[in-house]
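S.K.: Take a look and give me a structure for this.
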Amino acid sequence: MTVQRVRKWYGEFSGCHVSVTDEQRSGRSSTLADLVPAIEETVHANHRVLLKELEEQFNPLHGTIWDIVHEHLGYRKVCSRWVPRQLTEDRKKNRMVASPTHLRFNDHGEDFLEQIITGDET
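M.R.: Alright, predicted model coming up:
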């Protein structure tokens, strides 16, 4: 903390000021509460929307769209689609139901799984 800041706070608390909360100020109000639901609706309607398109549509400060999509809504980009970062129980169940179909497990049975080779870079 700078010396000037310490002197300011010392002067504030030497008098009758005892509250440490911020007082009302004039200036630009926070529109984050308004933007989050609108952006969530837009991303939910079109999972392939670009951050640049969202910035053009909502016109916030630079980086605000990224914070909203990644931090507040919890989305990440996978194969050029916005998907939720955490899977819900329903999504996990849907993936379990779909996985045998994708693996063609039903056509080949247990022998098919034994044919899969896995390994690492070494």
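S.K.: State the pLDDT value of Ser30.
M.R.: What the model reports for Ser30 is a pLDDT of 59.
S.K.: Would you map the strands across this structure?
M.R.: Here the chain has its strands, by DSSP state E, at 75-78, 81-84.
S.K.: and the last one, C-alpha only, in CSV?
M.R.: To tie it back to what came earlier, the one meant is strand 81-84. Taking C-alpha atoms only, strand 81-84 is exported to CSV below (Å, rounded to 0.1, in the frame of the first residue of the first chain):
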residue,chain,number,x,y,z
ARG,A,81,-18.8,-25.6,-30.4
TRP,A,82,-19.5,-24.2,-26.9
VAL,A,83,-20.1,-27.1,-24.5
PRO,A,84,-20.6,-27.0,-20.8
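S.K.: Report how many residues lie close to His91.
M.R.: Careful, residue 91 is Arg and not His. Neighbour count of Arg91, defined by other C-beta atoms under 10 Å: 12. C-beta here means a position set from N, CA and C on the backbone, and glycine is covered the same way.
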